[in-house]
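Asks: no FASTA, just this:
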């Protein structure tokens, strides 16, 4: 199977529970940002995610409250750089104890420190960010040697028994031949899965490096072909969407985000407002408006955080899509 069996079964149980309760909207993934402190300032990141003060981090209790409030079966621990979070091992252990599947999203620089204190678990995946081979990746993170360190940590993580995957942002300058080279290299290391996501243009980011919709479509037509050769975590239906081969409404409530500033509404990328409680967030966002994608900031967005949940939401409408996803899940 592409994922541990418990991820699929937990997700199905969560969907069934919400169907039974009559809930049409419910989170599938919690994006948990316990801090906005980082040891890098990558060109693909907004300043709020690397300028944070460590003293402003969320407490462990606040993190666990967010997990309990959202109910999402999957928690993506991001930031900032989560391995800087002083209580990171206790946080991961607490999430696992709550039977969540956890993705620890990291640049890899401090993973050796995490590995010394933590233990592998089938509910934990270490997700290392790589945006290409060495020269490209080190340019994007604006520091030499980061790619080499990240690869070293991938190898170490695998040797220690961790599930290790990668996350790659595709920019305007991204050479898709290099992406294939990277996928082949990571596959040779025994990587458990690789996620490719478009870096799309929206107003708070410099226009230079980010993609408009037609550019995303062009690059992801190549990714659709690469997915036939390599173990990608991006679903085939999402990749077809990113390639312009199908259409989906946005599902902004599928991936909810808790940050040191509060619950971020409406979504991971667009922060109209931060809410102090989950209830205020859930009832305070105009979901109909954001699902419609009529806001100008949504025009070019084809992000997995908004649309992988749409794949899940719309899956039952097509037996052919169900079969496609079943083959992919067991492939």
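Replies: Nice, thanks for sending it over. Predicted model only: the values in this text are computed from it and were never measured.

Asks: And for residue 278, nearest residue in space, chain neighbours not counted?
Replies: Leaving aside its chain neighbours, residue 278 sits nearest to residue 69 (3.8 Å; criterion: CB to CB, 6 or more residues apart in numbering). Just so you know, the C-beta spots here come from the backbone N, C-alpha and C atoms, and that holds for glycine as well.

Asks: who touches that neighbour in this structure?
Replies: Contact partners of residue 69, counting by CB atoms under 8 Å, 6 or more residues apart in numbering, are 277, 278, 279.

Asks: and it, what pLDDT?
Replies: At residue 69, the pLDDT value in this model is 98.

Asks: Show me what secondary structure element comes after the host helix or strand of it.
Replies: Assigned by DSSP states H and E, residue 69 belongs to helix 60-70. The helix or strand immediately downstream of helix 60-70 is strand 74-77, counting by DSSP H and E.

Asks: That next one - contacts with which helices or strands?
Replies: In terms of contacts (3 or more CB pairs under 8 Å, 6 or more residues apart in numbering; DSSP states H and E), strand 74-77 is packed against helix 5-21, strand 29-32, helix 88-97, strand 101-106.

Asks: Single out the most deeply packed of those.
Replies: For those, average neighbour numbers computed from mean count of other CB atoms under 10 Å are highest in strand 29-32, which has a mean of 26.

Asks: and it, what does it pack onto?
Replies: With contacts taken as 3+ CB pairs under 8 Å, 6+ apart, strand 29-32 sits against helix 60-70, strand 74-77, strand 255-259, helix 304-314.

Asks: Show me the strands paired with the second one, marking each as parallel or antiparallel.
Replies: Strand partners for strand 74-77, identified by DSSP bridges, are recorded as strand 29-32 (parallel), strand 101-106 (parallel).

Asks: outside of it, which residues touch it?
Replies: The contact list for strand 74-77, computed with CB under 8 Å, 6+ apart, reads 7, 10-11, 28-32, 34, 67, 88, 91-92, 95, 100-105, 127, 255.

Asks: in the protein, which spans are helices?
Replies: In the chain, the helices defined using DSSP state H lie at 5-21, 60-70, 88-97, 111-117, 134-141, 146-160, 176-188, 213-226, 236-242, 278-284, 287-291, 304-314, 319-329.
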